[in-house]
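J.: coords please:
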Amino acid sequence: MDVEEGIAGLFGLPPEEFIAARDQLARQLKADGDAAGAKRVSALRRPTVAAWAVNHAARERPELVRELLEAGDRLHQAQRRALSGLRGGGLREAGAERRAAVDRLAAVAAEALERSGSSPDPHRDAISSTLQAASVDGAAAAALRAGTLSKELAVPSGFGDAGGLSLVQPLPSEAAEPKAKPEPAERRGRGGRGAAATGRRGAGEGGAAAARQDGRTTAARRRELEAARRRRDELQRQAAKADRAAAKARDAADEAGEAEDAASSEAGRLADAARQARQAAEQARRAAEQARLAADDARQEADAAKTRSQRAARRARAADGDAAEADDAAREARRALERAERDLAELEPAE
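T.: Have a look, this model is predicted:
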């Protein structure tokens, strides 16, 4: 049996059927001599409800999976450009495309839950976060394509996984343009010195006022920027804290799931042992019944033999009595013969 096909088949089953099918597949692989495959299968975790729904959606609509992963790649590129400080990176548009792709695939997963008789409402956030994570993580993307996710994934915070992002060098057209230098004043004529001086004073005062205004504007913008940065940092800290709490909750859920899987496996093993014990007991009961019937037959045969023996003994005793009577009669006959011979001898003349 091909291990990959077997694993794919397991993740296509309803969650409540996963454990029994997994253990059966592991036993079959072990019986076939594939110890490594059996060990790998035995270590598989039953998928959570959200993971099962995502796997089902990926199998049902693979084209939506491709759209999601392509949108994730475009978002990744837009993030690189944004981190490099380039304009026109399309980060907002790429994020919107990724959200739309997530929503389309999440809707399919929700429909799968509804068809299975489960409400999708408690699992919508987990489904969306799993799809978002798979759109930017290679290993998660591979599991999504194969439909073999075993648990929901955490939504990436901020730019998501920024590992491997390199800064993009700006194109010449995107580089900051140098400020235009002021045109030199026209040469002054002899009679224009007073007007020129007045113009210089007015220009100087206006320039100073504009510089002061620019300074105030720059300072205000700097304060706004610093406030925005502080707000961003605070939100990042909160997001990191939430991620840690979510990770801790997921770990607890994983441990509970592992305990449930172990309990299910143990219950299955005990059920198998109980079934084998019942079969052995039934075989022993049938053997005992057969032995009882054989014993009854033997007792009946012994009783019949005893009866035959008793009859034979009675016949033997009767024969013994007849034989004794015959012996007595024979003795009496011999005595009578002897008397007769004596009488005859006495009556016959002597020669």
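
J.: how about low-confidence regions in this structure?
T.: Applying pLDDT under 70 to the chain picks out residues 1, 84-89, 156-207, 236, 239-240, 242-273, 350-351.

J.: apply 50 and report the result again.
T.: 159-191 (pLDDT under 50).

J.: now the helices: where do they sit in it?
T.: 3-11, 15-31, 35-42, 49-60, 62-83, 91-115, 124-136, 138-146, 193-347 (DSSP state H).

J.: what comes up buried for the first one?
T.: This points to helix 3-11. 6-7, 10-11 (16 or more other CB atoms under 10 Å). To be clear about C-beta, it is placed using only N, CA and C from the backbone, and glycine gets the same treatment.

J.: for the fifth one, same thing?
T.: Using 16+ other CB under 10 Å as the burial criterion, the residues of helix 62-83 that qualify are 64-65, 67-69, 71-72, 74-83.

J.: relative to helix 49-60, how tilted is that helix?
T.: 110 degrees (axes from the mean of the first three to the mean of the last three CA atoms, to 10 degrees).

J.: export helix 62-83 to PDB, keeping only CA atoms.
T.: Output of helix 62-83 as PDB, limited to C-alpha atoms (Å, rounded to 0.1, in the frame of the first residue of the first chain):
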ATOM      1  CA  PRO A  62      -8.100  23.500  -5.700                       C
ATOM      2  CA  GLU A  63      -8.400  26.400  -8.000                       C
ATOM      3  CA  LEU A  64      -9.300  28.700  -5.100                       C
ATOM      4  CA  VAL A  65      -6.200  27.400  -3.300                       C
ATOM      5  CA  ARG A  66      -4.100  28.400  -6.200                       C
ATOM      6  CA  GLU A  67      -5.700  31.900  -6.200                       C
ATOM      7  CA  LEU A  68      -5.000  32.200  -2.500                       C
ATOM      8  CA  LEU A  69      -1.300  31.300  -2.800                       C
ATOM      9  CA  GLU A  70      -0.800  33.500  -5.800                       C
ATOM     10  CA  ALA A  71      -2.400  36.400  -3.800                       C
ATOM     11  CA  GLY A  72      -0.100  35.600  -0.900                       C
ATOM     12  CA  ASP A  73       2.900  35.800  -3.100                       C
ATOM     13  CA  ARG A  74       1.800  39.200  -4.500                       C
ATOM     14  CA  LEU A  75       1.300  40.400  -0.900                       C
ATOM     15  CA  HIS A  76       4.800  39.100  -0.100                       C
ATOM     16  CA  GLN A  77       6.300  41.100  -2.900                       C
ATOM     17  CA  ALA A  78       4.300  44.200  -1.900                       C
ATOM     18  CA  GLN A  79       5.600  43.900   1.600                       C
ATOM     19  CA  ARG A  80       9.200  43.800   0.400                       C
ATOM     20  CA  ARG A  81       8.600  47.000  -1.500                       C
ATOM     21  CA  ALA A  82       6.900  48.600   1.500                       C
ATOM     22  CA  LEU A  83       9.800  47.700   3.800                       C
END
